[in-house]
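# what's the 3D shape of this:
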Amino acid sequence: MRTVTITVSGRVQGVGFRYALQHEATRRGIAGWVRNLRDGRVEARLAGDADAVEDVIAWAHEGPPAAAVDDVDVLDEAAGDATGFEIRPTV
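This next block holds a predicted model:
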């Protein structure tokens, strides 16, 4: 199990990035949340199988076609409480 917080910068708000990231994480069985930040970045906490988390991080570097990702910062951490958009993995 790996838990990370990623912060994605660039043209990522208003282009469906948050919803696409949520969908990608859910598709891979990742739990966590995704939210827009006031400064235009998107932040997500991802928790799940280490390979699946790596795949979602790799996806975040490209994002949906309308996005223009500048950078993806990854911070490994222990699971904790936070608020944001809930992702519930499908069973």
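# which residues touch residue 32?
Contact partners of residue 32, counting by CB atoms under 8 Å, 6 or more residues apart in numbering, are 3, 25, 44, 45, 46, 47, 48, 87. Backbone N, C-alpha and C define where each C-beta goes, glycine included.
# which of the residues you listed sits closest to residue 34?
Ranking the contacts of residue 32 by separation from residue 34, with CB to CB as the measure, puts residue 44 on top at 4.3 Å.
# for burial, what's the neighbour tally of the closest one?
26 (other CB atoms under 10 Å).
# how close does it sit to residue 10?
Going from residue 44 to residue 10 by CB to CB, to the nearest Å gives 14 Å.
# model confidence score at the residue positioned nearest the centre of the chain, please.
The centroid of the chain falls nearest to residue 44 when counting by CA atoms, centre = their mean (4.0 Å). Residue 44 carries a pLDDT value of 96.
# give me phi/psi at it?
Residue 44 adopts backbone torsions of phi -140, psi 140, taken as degrees, to the nearest 10.
# going forward, count from 243.
Yep, numbering from 243; the last one is residue 286 now.
# for it, give the beta-bridge partners.
Partner residues in beta bridges with residue 286, using DSSP bridges, are residue 248, residue 276.
# that one touches residue 278, doesn't it?
No - at 10.4 Å, residue 286 and residue 278 do not qualify as touching, with contact defined as CB atoms under 8 Å.
# tell me where the protein has helices.
259-269, 292-304 (DSSP state H).
# mind listing residues that contact the last one?
Counting contacts by CB under 8 Å, 6+ apart, the residues outside helix 292-304 that touch it are 243-246, 248, 250, 263, 266-267, 270-272, 286, 288-289, 311, 314, 316.
# 10 Å instead?
Contacts to helix 292-304, defined as CB atoms under 10 Å, 6 or more residues apart in numbering, come from residues 243-246, 248-250, 254, 259, 262-263, 266-272, 274, 284, 286, 288-291, 309, 311, 313-314, 316, 318, 331.
# could I get the contacts of residue 274 as TSV with distance to residue 304?
Below are the contacts of residue 274 laid out as TSV (distance: CB to CB, whole Å):
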residue	distance to residue 304
245	22
267	15
286	15
287	20
288	16
289	22
290	20
329	19
